[in-house]
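Trainee: sequence and computational prediction follow.
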Amino acid sequence: MRLVIISLLLFSCSLNAEQYLIHAGHLIDGVSSKALAKRSIRIHNNQIVSVEKGYSSAKSNEQLIDLKDKTVMPGLMDMHTHLSGVFTKNSYHEGFYMDPPDYAFRSTMYAKDTLMAGFTTVRDLGEFSPGLTTSLRDSINKGWVLGPRVYTAGKSIATTGGHADPTNGMNHELTGDPGPKEGVINGPEDAYKAIRQHYKDGTDVIKLTVTGGVLSLAKSGDNPQFTDAELSAIMSAARDYNFVVAVHAHGAEGMKRAIRAGVDSVEHGTYMDDEAMALMIKHDTWYVPTITAGKWVAEKSAIEGYYPDVVRPKAAAVGPQIQGTFEKAIQRGVKIAFGTDAGVFPHGLNGREFGYMVDAGMSPIDAIKTATINAAQLLRIDDTLGSIEKNKLADIVAVNGNPLEDIKLMENISFVMKDGVIYKQ
């Protein structure tokens, strides 16, 4: 009963935007190189109207929120999630007994867990059930469901037998020949049709699986799976529709083809070599590392029966490598945006990524920037989100204490405001 009341209170607060004055003990605003002490943030409806030094007095129409013992930050952003599911030892057969509405209702729990973890904006890069994430996005925007602001890729685009071919590993009588409508292409003409179908379906971004992957029922985890001609066609069509394009890539050759074609971000990047890093710097390509997912699959690969036999060796080989690649990328100066691959591991644990980034040599302030202003720049929404500045939308989170001294505090967000509405305090 208590959980029901809490849920109702959280839902009701989403219907009532107010005017607030936040007193922040420390402020990491997303743009400064250090935390700023004693700041006041004025919020009218869903917009930041001022950031003031010291603790200002609340006006008669403002509700004071005392966060003097906390560090306040912009709402966090995860650029690689899968809100429609979680990979477990059972997920490989659940499609035989779950209907689309089952996936949809379950995804609402994952969306809420993500928001409560402080992630007010996410990019969803591949759904378990067709059309789910666009509907989830719209339901959150309408206030029917609690969750982050969602930018969805819908179905990941693959080639036949590629990492996101949904018929991999099936009985031959069930595989059929999925095409562009199902997110599987072969050749430039298919590429154009797939992008246009995604536009028709209402997706926000595009996700390609340009190399083999870990959790799919296919042998290779890193082979290139798109031709230069296919990538060129995809990027030509994506530019027509102003899509941000992300590519899943473990192998170096596949990611280099994608970078040369002009994609916006490389996800995972496990076997990224020096040439790939140089190309990313040259082409201004973002790197989204997903270290948490790598750690998770490496651990689970040692458990007999947790993953299918074809998956286990890939998980054991690829998973442990990602953090080391990330360390090399920050040393080279590759641009990095925060992403975890949540859905490979349970949603709500996204904050673990910060600790792994710092362990690999990134400063705590830079790690937080990857999940704020950097992520907003990748999504091309940094004019409205990603920092706590005048005229930005009021997405604001806070932690007890100072995460610049203890980055693991980012795993326990104590205050969440999205779009001027308080969801956790």
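Mentor: Nice, thanks for sending it over.

Trainee: can you tell me which strand in the chain is longest?
Mentor: Longest among the strand segments of the chain by residue count, using DSSP state E, is strand 63-74.

Trainee: what's the next secondary structure element after that strand?
Mentor: Downstream of strand 63-74, the first helix or strand assigned by DSSP states H and E is strand 76-81.

Trainee: who touches that next one?
Mentor: For strand 76-81, contacts defined as C-beta atoms under 8 Å, 6 or more residues apart in numbering pick out 114, 117-125, 246, 265, 267, 288, 290, 337-343, 347, 350-351, 371-372, 375-376, 378-379, 385-386, 397, 413. (Each C-beta comes from the backbone N, C-alpha and C, glycine too.)

Trainee: in helices, which of those residues appear?
Mentor: Among the contacts of strand 76-81, the members falling in helices (DSSP state H) are 114, 375-376, 378-379.

Trainee: of those, which pair is most distant in space?
Mentor: Thr114 and Leu378 (17.9 Å; C-beta to C-beta).

Trainee: just checking, what packs against the longest strand of the chain?
Mentor: The elements that strand 63-74 packs onto, with contact taken as 3 or more C-beta pairs under 8 Å, 6 or more residues apart in numbering; DSSP states H and E, are strand 19-27, strand 36-44, strand 396-400, strand 413-418.

Trainee: what is the mean pLDDT for it?
Mentor: Looking at strand 63-74 alone, the average pLDDT works out to 98.

Trainee: direction included, what does that strand pair against?
Mentor: strand 19-27 (parallel), strand 396-400 (antiparallel) (DSSP bridges).

Trainee: would you format the ones you listed as CSV with mean neighbour count, mean pLDDT and distance to His80 included?
Mentor: Formatted as CSV, those follow (neighbours: other C-beta atoms under 10 Å; pLDDT from 0 to 100; distance: least, C-beta to C-beta, whole Å):
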stretch, mean neighbour count, mean pLDDT, distance to His80
strand 19-27, 22, 98, 27
strand 396-400, 24, 98, 19
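
Trainee: need these in TSV (columns: distance to Lys418).
Mentor: Putting the strands paired with strand 63-74 into TSV (distance: least, C-beta to C-beta, whole Å) gives the following:
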stretch	distance to Lys418
strand 19-27	13
strand 396-400	8
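
Trainee: which one of those lies closest to Met357?
Mentor: Comparing the strands paired with strand 63-74 by C-beta to C-beta, strand 396-400 comes nearest, at 16.1 Å.

Trainee: between that closest one and strand 76-81, how big is the angle?
Mentor: Angle, strand 396-400 to strand 76-81, by axes from the mean of the first three to the mean of the last three C-alpha atoms, to 10 degrees: 100 degrees.

Trainee: report the angle between strand 396-400 and strand 413-418.
Mentor: Angle, strand 396-400 to strand 413-418, by the same axes, to 10 degrees: 170 degrees.

Trainee: with just CA atoms, put strand 396-400 into PDB.
Mentor: Coordinates of each C-alpha in strand 396-400 appear next as PDB, following Å, rounded to 0.1, in the frame of the first residue of the first chain:
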ATOM      1  CA  ILE A 396      18.400  19.200 -12.000                       C
ATOM      2  CA  VAL A 397      19.700  16.400  -9.700                       C
ATOM      3  CA  ALA A 398      21.700  16.300  -6.500                       C
ATOM      4  CA  VAL A 399      23.700  14.000  -4.300                       C
ATOM      5  CA  ASN A 400      24.600  14.100  -0.600                       C
END
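
Trainee: now that strand, how far from the centre of its chain.
Mentor: Centre-to-centre, strand 396-400 and its host chain are 19 Å apart (C-alpha atoms, centre = their mean, to the nearest Å).

Trainee: domain parsing for the chain?
Mentor: Domain assignment of the chain by automatic domain parsing yields the ranges 2-75+387-424, 76-379.

Trainee: give me the contacts around stretch 94-114.
Mentor: Contact with stretch 94-114 is made by 78, 81, 83-86, 122, 128-133, 135-136, 139-140, 145-148, 150, 342-343, 346-348, 350, as judged by C-beta under 8 Å, 6+ apart.
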